[in-house]
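Peer 1: I'd like to go over a predicted model; first the sequence, then the structure.
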Amino acid sequence: MIVDAHVHVAHLARLKVPWDQWIGPAGDTDAWAAAYDSEGAAIPEKVSGLFAAAGVDRVLLFCEYSPKATGWQTIEDMLPLVDADAERFRIVANVNPHVHHPVAREVDRQLDLGAVALKVHPVHAGIAPNDPQLYPAYARCVERGIPVIVHTGPSTFPGATARYGDPVILDDVLRDFPDLTLVLAHGGRGWSYDAAASLALTRENVWLDLAGLPPRKLPGYYERFGFDRVAAKSVFGTDAPSADPARNIAAIRELGLGDELTAGVLGEHARRVYPGLDTPPHRV
């Protein structure tokens with residue numbers, strides 16, 4: 001099984017940034033443009049076809065409520081994709097204390113709509129990941145056995161607060177929620193690869209996702225620790241539409257990690273981290 005564990009299928013009418021900035025220079029602009037209707041909504045069958053053609057069996061679709069930065073990617077916008085292809089698609093919830101109160105209630109609402117994980121985006125939301133306002137969300141995820149994904153590293157989008165992407169801040173969260181499964185999105189991209197890798201290698205319940213990182217550069221980014229060791233705690237993600245899943249899958253296979261570790265990165269690790277990948281989506 002191949003899992004793309006980090007994908008943003010935004011409704012274009014709710015994006016705060018221009019499309020060319022959203023998709024970036026590495027995205028397949030023509031293919032993705034054809035996957036949207038005239039109102040800016042994703043066409044579920046065409047989005048599914050893009051990932052099927054790339055050989056991706058499971059896709060984690062990220063919600064995001066970030067009016068200061070990128071706009072709105074609501075869970076309601078994700079539901080039609082899951083309804084059209086419930087085998088391939090799963091949803092990742094998102095809460096922002098500046099938008100949602102109480103946050104635990106919103107976590108429950110989105111999980112009850114079928115989300116299999118929770119994403120926190122401190123950099124776009126403008127709140128530190130160890131802020132007490134987020135603690136009820138973490139507590140609810142521990143209670144319900146749900147992993148939490150936290151953006152690490154800076155962001156180039158306007159309105160972002162880069163300092164909140166420092167993985168070191170998450171040491172407080174891990175101290176206060178020792179049973180929480182935590183995924184460091186983008187693996188500390190930019191200026192914090194070492195901190196992110198150190199947390200993943202020293203904490204059994206901490207993982208990296210590799211979204212937004214060119215696979216051929218990964219050995220250099222994590223040279224201090226040895227990429228084989230880091231890969232053993234990593235899950236594959238592309239940050240699509242800003243990257244080509246097929247190209248990135250091929251590049252992972254060219255890293256010389258060996259069959260077992262390559263399979264782990266491309267899917268088996270994600271199945272361990274996200275139990276909801278192996279069960280049909282369930283809506284309460």
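Peer 2: The structure has been received and is ready for your questions.

Peer 1: if we look at the helix or strand hosting Leu199, which residues are touching it?
Peer 2: For Leu199, the host element (DSSP states H and E) is helix 193-202. Residues outside helix 193-202 that contact it (Cβ atoms under 8 Å, 6 or more residues apart in numbering) are 152-153, 166-168, 170-171, 174, 184, 187-188, 206-208, 221-222, 224-225, 229-230, 233-234. Using the backbone N, CA and C atoms, a C-beta is placed for each residue, glycine as well.

Peer 1: List the buried residues for it?
Peer 2: 193, 195-201 (16 or more other Cβ atoms under 10 Å).

Peer 1: Distance to Asp131 and pLDDT added to those, as CSV?
Peer 2: Listed next are these as CSV, based on distance: Cβ to Cβ, whole Å; pLDDT from 0 to 100:
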residue, distance to Asp131, pLDDT
Tyr193, 24, 98
Ala195, 19, 98
Ala196, 20, 98
Ala197, 24, 98
Ser198, 22, 98
Leu199, 18, 98
Ala200, 22, 98
Leu201, 26, 98
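
Peer 1: What is the nearest of these to Glu76?
Peer 2: Ala196 (31.7 Å; Cβ to Cβ).

Peer 1: which residues sit in contact with the residue nearest to the closest one when sequence neighbours are not counted?
Peer 2: The shortest distance from Ala196 to any non-neighbouring residue, by Cβ to Cβ, 6 or more residues apart in numbering, is to Gly188 (2.8 Å). Neighbour list for Gly188: 152-153, 167, 194-197, 208 [criterion: Cβ under 8 Å, 6+ apart].

Peer 1: hmm, try it at 10 Å
Peer 2: 152-153, 165-168, 194-200, 208, 213, 221-222 (Cβ atoms under 10 Å, 6 or more residues apart in numbering).

Peer 1: Got phi/psi on it?
Peer 2: Reported as degrees, to the nearest 10, the phi and psi values for Gly188 are phi 80, psi 20.

Peer 1: which strands and helices sit next to the next helix or strand after the helix holding Leu199?
Peer 2: Of the helices and strands lying after helix 193-202 in sequence (DSSP H and E), the nearest is strand 206-209. Counting contacts by 3 or more Cβ pairs under 10 Å, 6 or more residues apart in numbering; DSSP states H and E, strand 206-209 packs against strand 3-7, strand 148-151, strand 182-185, helix 193-202, strand 234-235, helix 269-273.

Peer 1: which of the residues in the helix or strand harbouring Asp77 are buried?
Peer 2: According to DSSP H and E, Asp77 maps onto helix 75-84. For helix 75-84, the neighbour count (16+ other Cβ under 10 Å) marks 75, 77-79, 81-82, 84 as buried.

Peer 1: One more: stretch 233-252?
Peer 2: 233-246, 248-249, 252.

Peer 1: Filter those residues down to just the ones in helices.
Peer 2: 245-246, 248-249, 252 (DSSP state H).

Peer 1: coming back round to it: just the pLDDT at the residue nearest to Ala196, thanks.
Peer 2: We note a pLDDT of 97 for Gly188 in this prediction.

Peer 1: how close does it sit to Ala5?
Peer 2: For Gly188, the distance to Ala5 (Cβ to Cβ, to the nearest Å) stands at 16 Å.

Peer 1: and what of Gly159?
Peer 2: 25 Å.

Peer 1: which of the two has more neighbours?
Peer 2: Counted by other Cβ atoms under 10 Å, Gly159 and Ala5 do not tie: Ala5 has more neighbours, with 31 against 17.

Peer 1: Quick check: closest non-adjacent residue to the more buried one.
Peer 2: Nearest non-adjacent residue to Ala5 (Cβ to Cβ, 6+ apart): Gly237, at 4.3 Å.

Peer 1: Ala125 now?
Peer 2: Counting by Cβ to Cβ, 6+ apart, the residue nearest Ala125 is Asn96, at 4.3 Å.

Peer 1: Could you do Ala246 as well?
Peer 2: Ala54 (3.9 Å).

Peer 1: check contacts around that neighbour.
Peer 2: Counting by Cβ under 10 Å, 6+ apart, Ala54 has contacts 2, 4, 238, 240, 244-250.
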